[in-house]
Structure formats: structure tokens, C-alpha cells
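Next input, structure requested:
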Amino acid sequence: MPQGLSRASRRLEQHAAAPDAAVWSAARQRWQSLSFGRQLQLAQVLAASRREELVPRYRQLVQIGAGLKRRQDAQAQEYLHREVCLIFIVRRKLAPGAAGLSAAQLLPRELLTPAWVDGRDQLVAVPCDVQPQERVLGGRAQLAAAVATDDGAGHSEQGSLTCAVRAGGRSYALSAIHVLSPQPLDGGPLRAPVAVRRLVADGAASEAQSCARSKAFGGRLARWPVRSFDAQLAEIADGKRLKAALAGLLLSAQRPWVRSIADLGDRLADGRLLELLVPANHPARGGGGVVSLSASLDMSDEDRVLDYVFADGEGQVLHQALKLQLRFGEATLPGDSGCPVIVRNDGGEAPSLVGMHIAGNPQERTSFVIPAWRLFDVDSYLGVDGELPDGGLKLLRLA
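Alright, predicted model coming up:
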């Protein structure tokens, strides 16, 4: 290469690699101008687009997601800050200058990405946060409470129902596969019919008559690395008993369920919390009805690896799920799988369904939730070789 071209090439490279303070400043301002929901949606898209590039580049990095930044207060207690960011999940957090951590292995504090702002595509600067892998690992499918299932062949479980739905001209209850198909088969067909009975108030016995019977409609559960979708339908046998099992859950007629991560973000922009409606007739709770556990959104619906129990032993499942952080020292219990997660609406409007709790980590006080926009998306079921009745799913309000 001629000397002049070589020199020009080096200068061009130096110019391209040098941060442009004006560009970054404008990009940060544009990011701040976006709504909370749009920020969350954009961070999730950025995580998906850069994951395959960045995870192999940084040795400590195991996953990239979108969620809320964590900070420490004056007492060194960690809390969620209402700042949307790209989240780097690492094997362990290392301070800059730590032994073995080169400058090339320092994770970025911000990333640029294009976004539609003021009628045109412009750069925005998405802040980044680093969190240890313990925050997202260790989630287990939770069994044992509001309803009991029994397939008549010695397999039984306890769990919760999420909501009622309408499909193909029939009414169904929706819950997790591992509740409605006790001891699921690894990638095999769903267990059906399985009787679903409501537990009595002390959680020690169930009603003689079933409120629903599970059907072979739903997603599929299989060991990692196959993608799973833990949702199944049970045909309603007794509407009154089913309503009692759902503890009279009545959702908004105008906005019965949350439609997207952006929709969820916009609803949470004022700082309101989510609620897990866990069964109060759990033996450890000793009452009837439901208990409301408060939670904050922690991360958007990314790939998770969760622990399950199959018919032939324990296994890990790859699942897309929201991650919630329980508040006020609360935690879910084994037996809360399937319980609905809701967000309250203003002006006396009934709440909206956010999703279905399928797994938890009581030590970390986390909950993993299939979002409603996936529960009501036919592709979620077909994408794992599942099956649904004709016509898709519609939420059924039990007045």
C-alpha cells in the first residue's frame, strides 16, 4: 500500500474509533426523551441484536437482557432503580483493575442504537448495568396449593389456575403444564384427562368434584436445549367451582391483558408495582382466597434456564419469561406455580393480567413469569410443537 494511503488509513481508523462527545451527549438526551415503555422495548431489541456478538467477546458474560438498574443505598442494601438499561449477566462482578481483567474485557457503560425519534431514525445511548448470574439462575417450577390434580395413575400435583379462556367454542382454565400434567414427560404428550379439584381452605384436602379436566391442548416441556412453553388448558367442568378456584378474579373489560413489553413499561412508568395473586389456602398460609405479593419488574422476557421435575427425574428447561423482584421481604412458595400476575388500573377499572408465574427462587425472592402477550399468542404454542383448539385463545371474564 502506498505510504500516503497507509497514513490516511491509520488516521481514518483513529478518527472512527475516537468517541464523539457531541454525538454521545445528543444520544443521551434522546434516550431520556423516550417513554419508559419505549425504552424497555428498545433495550430488549438491542439485547437480542447484540447478544450473539457480545457474549463470546467477553469471558465473564453469560447473557444479555433488558430491565432495571440496581443501586445500593446508604446501608449497602441493593434496590431496583427506575432506570431502564441493558443488563449484562456475568459469572461474577469484577471491579475495573481486577487481576486478569484487561481493558479489552471491560464491559461498556452505554451502547448506541438507532431509534425513531422526532419523526426520523436517530441514535440513542442505552445505559448498561452489570449483574451477577445468581440473579437469574436457581429458579424452580413451584408446586403444592390452590388446586390439586390427579391423573388416576398415581401422579398428582398441586398448584394454581391463572385465568379462564375461550377457544374453539369451549371454555377452559389456563395453568402451567407442570400443574395440569403431573410429572410431565420430557418432550412427550401432555397428560390428559387429569381432574382439577379445588383445595379446601386449610389446603389439606380437595373437593370431591372437579372444576376442570386437563386437555392435551397447550405447549410442550422438554429438557434443555429444546425451547419449552409451560402452558396448558383444562376444560371447565363446573363454572362455580372454577370461579371459586380463581378466587373471583375479575379482569378489565377494556384492557383484560397486557399486550407487549412496551405496554407493560408504560403502565409501570409511575412506579406502581405488580401483584402475584398466590393462593391463601396453601398449607403454609392457612387461609382461604388469595394473598397479594408485591413485585417490581426486574428484566424483560428473555431466555431463562429453570429447574423442573420430569417423570424420569430433574432437568433444566429453556423458557422465555419475565423476571420479577418480590418486595417487602416477600417470596413465593412451592405451590404457587400457575398463579396470575396482575397490574392495577386507575379510575376504578379492574386490573389487567400481566402473566402466569411458573417458577421462583425464594432465596433471591424472584419470580419468573410467562407474559400475557405470549400466553395469548398462538405462535408460542406452535413454536414448540404444541396444539391449540381452532380459533386461538380469548380471555374469558367470569363475572
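
okay, CA-based contacts and neighbour counts for the rest of this
Noted.

Below-threshold pLDDT in the stretch 101-250 of the chain: ranges please.
Low-confidence segments of the stretch 101-250 of the chain, defined by pLDDT under 70, span residues 101, 134-146, 150-156, 198-208, 247-248.

For it, just list every one of the strands.
Applying DSSP state E, counting those that start in this stretch to the stretch 101-250 of the chain gives strands spanning 110-117, 120-132, 140-141, 147-150, 156-159, 163-167, 170-175, 195-198, 212-218, 232-236.

Identify the residues contacting the closest residue to residue 243 other than its chain neighbours.
The shortest distance from residue 243 to any non-neighbouring residue, by CA to CA, 6 or more residues apart in numbering, is to residue 398 (6.7 Å). Listed by CA atoms under 8 Å, 6 or more residues apart in numbering, the contact set of residue 398 reads 164, 243, 248, 249, 250.

now residue 398, what's its secondary structure?
coil (DSSP: H, G, I helix; E, B strand; the rest coil).

cool, residue 291 as well?
strand.

Now the element after the helix or strand where residue 47 lies, going C-ward?
In this structure, residue 47 sits in helix 36-57 according to DSSP states H and E. Counting by DSSP H and E, the element after helix 36-57 in chain order, helix or strand, is strand 61-72.

contacting residues around that following strand?
Contacts of strand 61-72 (CA under 8 Å, 6+ apart): 40, 43-44, 47-48, 51, 55, 78-91, 128-129, 133, 297-300, 302.

Just the buried subset of the contacts of residue 398, written out for PyMOL, thanks.
Provided next is the PyMOL selection string for whichever of the contacts of residue 398 are buried by 16 or more other CA atoms under 10 Å:
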select buried, resi 164+243+249+250
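
and the two most separated of the contacts of residue 398?
Farthest pair in these (CA to CA) is 164 and 248. Separation: 11.0 Å.

before we move on, the earlier item: closest to residue 345 out of the strands of the stretch 101-250 of the chain?
strand 163-167 (17.9 Å).

What helices and strands are in contact with the closest one?
Packing partners of strand 163-167 (3 or more CA pairs under 8 Å, 6 or more residues apart in numbering; DSSP states H and E): strand 170-175, strand 394-396.

partners of that strand, with directions?
strand 170-175 (antiparallel), strand 394-396 (antiparallel) (DSSP bridges).

Mean neighbour count, these: which tops it?
Ranked by mean neighbour count, the strands paired with strand 163-167 are led by strand 170-175 with a mean of 24 (mean count of other CA atoms under 10 Å).

Straight-line length of stretch 225-242, end to end?
End-to-end distance for stretch 225-242, by CA to CA, to the nearest Å: 35 Å.

what does that stretch contact?
By CA under 8 Å, 6+ apart, stretch 225-242 touches 170-178, 180, 196, 198, 210-222, 317-320, 358, 375, 380-381, 384.

Next, the contact list for the spatially closest residue to residue 41 that is not a sequence neighbour, please.
With sequence-adjacent residues excluded and distances taken as CA to CA, 6+ apart, residue 41 is closest to residue 262, at 5.2 Å. Residues in contact with residue 262 (CA under 8 Å, 6+ apart) are 36, 37, 38, 39, 40, 41.
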